[in-house]
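Student: got a predicted structure here, sequence first:
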Amino acid sequence: MTDGNIIKYFNTIHKLGKPGPGRIKGSSVTIKKLAAILGLSHSTVSRALNGHPAISQSTRESVLQAAKKYGYIPNSAAQALRNATSGAFGVIIPDIQNDFFISVTNAIAREAGKRSWQMILAITEDHPDTEYHVLRRMMAASVDGIIIAPSANPLPETRELITRTHAVQLLRRHDGIQAPLIAIDDRYGISLATVHLRRLGHTRIGYIGSSTDLSTGFERLQGFLQHFSSAEQAALKDIIHIGPPQAEFGTAAFKRIMSVDHAPSALVLGSPRYAMGMLTAAKALRVRIPQDLSVVAYGLVPWGSLLDMQLTTVVLPEKEVTDACVDMIRHIMDSELTLTHDEFIRSTENQLFTPRLALGDSTGVNRSER
């Protein structure tokens, strides 16, 4: 599948994902709700939707118009998934600025192109309403399966829809979603960085990480905190900052960390997006790395080769995650899809891949706590 096709699919689903006029925002429309809206019985609406000959043409048309207006998705979509394949699958991610998501999506798209599958890509920007509407449209298109990086708070309707398809959670895990997981052991990855710095003699270590509302942010923070006692954690409160995975936040957080009376001798970055802003700010503040501050980045920094130094980095298992996603799509698309949702979950194991630490020039022995 070419990049142009990916963009075309994204544009299509992005437009379709927005609630149309008259639709019930954030609501999963059922036959009972349609019946209540139309003032008809549940059985009459059901028969009209199924083309029963006992239902008049005018009633049938009214029901179909209402179903279209309010975005009703028939439960038969789940049966269609089990009885036939559409040759299409969905990928739902929060953005296309994250290099990891881009790599995974490109690999899946290449596999789809080889096999003449149709890949429908949707971007949610982590908005639960958008997430629900793009998922609903994919379900209406009878996709054979979905890979989704869920938002922090998916709507109940989203969680219900996922039970009606073969879905896999990518990188992020939400306990309310019944779907297997393909992810990275984030807790272990940040633990590697923290242990490395402690072995170099650093005890006052700062941390900049992403929101703990997401499983990735929570696991990374726990990987950091687990190496400090309760008393040590309390002493580090002023140099631990949690926020969005954006360069601007990383820059602001770094400046706040370095402005405290007792600045840290080391810093762990919980996202590669923080690195550029942090290093630029360090240069402006004349903070030398690693002489004044040892730094470990989480995930490869795309422009890292342009630096005068090589960053000490937690290298993420990108290929392993990508291969697992491609294998999962092959499994979903190549199978006869005779499994129910529960059977699919029972037959599919969670896959958690391990990062590794790559030593560079940005960390060194702590010579004195400042």
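Tutor: Looks like it came in fine.

Student: rest of the way, CA atoms for contacts and neighbours
Tutor: Noted.

Student: for the stretch 201-350 of the chain, what spans make up the strands?
Tutor: Along the stretch 201-350 of the chain, counting by DSSP state E, counting those that start in this stretch, strands occupy 205-210, 240-243, 266-269, 294-298, 312-315.

Student: check the ones you listed for me and report the most buried one.
Tutor: Comparing those by mean neighbour count (mean count of other CA atoms under 10 Å), strand 294-298 ranks first with a mean of 27.

Student: so for that one, mean pLDDT?
Tutor: If you average the pLDDT over strand 294-298, you get 96.

Student: and that strand, which strands flank it?
Tutor: strand 266-269 (parallel), strand 312-315 (parallel) (DSSP bridges).

Student: give me the contacts around stretch 254-263.
Tutor: 204, 206, 208, 238-240, 264, 278, 281, 370 (CA atoms under 8 Å, 6 or more residues apart in numbering).

Student: again, but for stretch 181-199
Tutor: Contacts of stretch 181-199 (CA under 8 Å, 6+ apart): 168-173, 205, 216, 219-224, 226-227, 266, 268, 270, 294, 296, 298, 313-314, 316-317, 321, 324-325, 349-357, 363.

Student: follow-up on the earlier one: turn the strands paired with strand 294-298 into a markdown table, including distance to R136.
Tutor: What follows is the strands paired with strand 294-298, written out as a markdown table (distance: least, CA to CA, whole Å):
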| stretch | distance to R136 |
| --- | --- |
| strand 266-269 | 36 |
| strand 312-315 | 35 |
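
Student: closest one to D99 among those strands?
Tutor: strand 312-315 (13.1 Å; CA to CA).

Student: nearest spatial neighbour of S271, skipping sequence neighbours?
Tutor: Closest residue in space to S271, ignoring its immediate chain neighbours: Y298 at 5.3 Å, by CA to CA, 6 or more residues apart in numbering.

Student: ok, V63 - contacts?
Tutor: V63 touches 34, 38, 45, 48-49, counting by CA under 8 Å, 6+ apart.

Student: so how far is M333 from it?
Tutor: Distance, V63 to M333, by CA to CA, to the nearest Å: 33 Å.

Student: how about L269?
Tutor: Counting by CA to CA, the gap from L269 to M333 is 38 Å.

Student: what of D185?
Tutor: 27 Å.

Student: low-confidence ranges in the stretch 51-200 of the chain?
Tutor: 53, 73-86 (pLDDT under 70).

Student: burial measure for D308, as a count.
Tutor: 8 (other CA atoms under 10 Å).

Student: so A66 touches A36, yeah?
Tutor: No - using CA atoms under 8 Å, A66 is not in contact with A36, being 11.2 Å away.

Student: those two: which is more packed in?
Tutor: Neighbours were counted for A66 and for A36 using other CA under 10 Å; A66 has more, 18 against 13.
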